[in-house]
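Enquirer: missing the sequence, but the structure's below:
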C-alpha cells in the first residue's frame, strides 16, 4: 500500500471508529507510522480529523433524537453519559476517545444541545491527545 492509500485507510478507520459502529483505528495508525515514519504529523492530523468527524456525527445523532427515551435507548438504558455531560459540560468530551463511553458522551452532548463549537474543540483535543500518546509510545 502506498502512502496516500495508507493515509486514506487511516482517515476512514478513524472516522468509522468514532461512530456508533464498532472498530478501532489505533492499529491502523501504528501500521502507518511503522511503514512511513516520515508521515508522523500527517498521520496524527488525519487520524484526529477523521475521529473528530466521527464523534461529531454521533453528536449530530444526539441533536436529531426527539426525546430522552430515544437517547436512553441508544445508550443501552444508561443515564450516566447524560449525567456526566450535564454536570461537566463540553469539557467531558475530552473523554470522547474512550471505549464504550465516548460515543455515549457525544450523543448525550448533542441531545443536551451542548454548544457545537465547544463540543468540536473538546472532542478534537481529546482525540488528538490519544493519538499523540500512541505515537509517542512507539518511540
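Expert: Perfect, thanks for sending it. Here the structure is a predicted model, which is why all the values come from computation and not from measurement.
Enquirer: I figured residue 32 hits residue 7, correct?
Expert: Yes: Residue 32 is within contact range of residue 7, at 6.8 Å (criterion: Cβ atoms under 8 Å). Glycine gets a C-beta too; all of them are placed from N, C-alpha and C.
Enquirer: What lies in contact with the host helix or strand of residue 121?
Expert: Assigning secondary structure by DSSP states H and E places residue 121 in helix 116-138. The contact list for helix 116-138 (Cβ atoms under 8 Å, 6 or more residues apart in numbering) reads 18, 26, 29-30, 33-34, 40, 43-44, 47-48, 51-52, 55-56, 59, 89-97, 106, 109-110.
Enquirer: got the buried residues for it?
Expert: Neighbour-count burial for helix 116-138 flags 119-128, 130-131, 134-135 (criterion: 16 or more other Cβ atoms under 10 Å).
Enquirer: what's the answer for stretch 80-98, then?
Expert: For stretch 80-98, a neighbour-count test (16+ other Cβ under 10 Å) marks 81-82, 84-85, 89-90, 92-97 as buried.
Enquirer: for stretch 25-40, same thing?
Expert: By neighbour count with 16+ other Cβ under 10 Å, stretch 25-40 contains the buried residues 25, 28-29, 31-33, 36, 39.
Enquirer: just those residues now: which is nearest residue 139?
Expert: residue 33 (9.5 Å; Cβ to Cβ).
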